[in-house]
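>>> predicted model and sequence follow; I will ask about them next.
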Amino acid sequence: MISKKEVEHIAKLARLGLSQTEIKKLGKDLSSILDYFNLLKKVDVSKVEPTSHSVLVKNVMREDEAKKENLDDVNELVAAAPERRERYIKVKAVL
């Protein structure tokens with residue numbers, strides 16, 4: 001069982017303001033969590049191969065190709081901008 005002092009220390013590190021009732025409840029909860037970890041330590045996993053992911057995942061990549069621009073669309077968008085310079089939309093500097 002985790003002591004009251006340890007629970008108060010953990011609460012202080014987490015910046016939690018706990019009442020005495022909450023400290024008791026948190027102590028019981030943390031103790032049960034640690035008991036479960038001790039139970040898991042007893043499981044024999046010597047014949048289990050370590051994995052980084054339970055399902056085999058393959059990253060699907062596509063070729064990085066430039067697309068042909070449709071000049072009609074570009075000209076229409078630039079023409080709709082309130083300010084422009086040549087084929088570019090003019091905007092205020094962002095610093």
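Noted; the coordinates are in hand.
>>> pLDDT weak spots in the chain?
Counting by pLDDT under 70, not a single residue of the chain qualifies.
>>> quick one, longest helix in it?
helix 20-41 (DSSP state H).
>>> helices or strands next to that helix in the packing?
The contact analysis (3 or more CB pairs under 8 Å, 6 or more residues apart in numbering; DSSP states H and E) places helix 20-41 against helix 4-13. C-betas here are computed from N, CA, C, even on glycine.
>>> name the residues that touch the helix it packs on?
Helix 4-13 is contacted by residues 17-18, 23-24, 26-27, 30 when judged by CB atoms under 8 Å, 6 or more residues apart in numbering.
>>> just the buried positions in that helix, please.
Using 16 or more other CB atoms under 10 Å as the test for burial, helix 4-13 gives 7, 10.
>>> centre of the chain versus stretch 70-83, how much separation?
Relative to the chain's own centre, stretch 70-83 is displaced by 38 Å; criterion: CA atoms, centre = their mean, to the nearest Å.
>>> residue with max distance from the center of this protein?
Within the chain, the residue lying farthest from the chain centre (CA atoms, centre = their mean) is Glu86, at 42.4 Å.
>>> can you tell me how far Thr21 is from Lys12?
Computed with CB to CB, to the nearest Å, the distance linking Thr21 and Lys12 is 17 Å.
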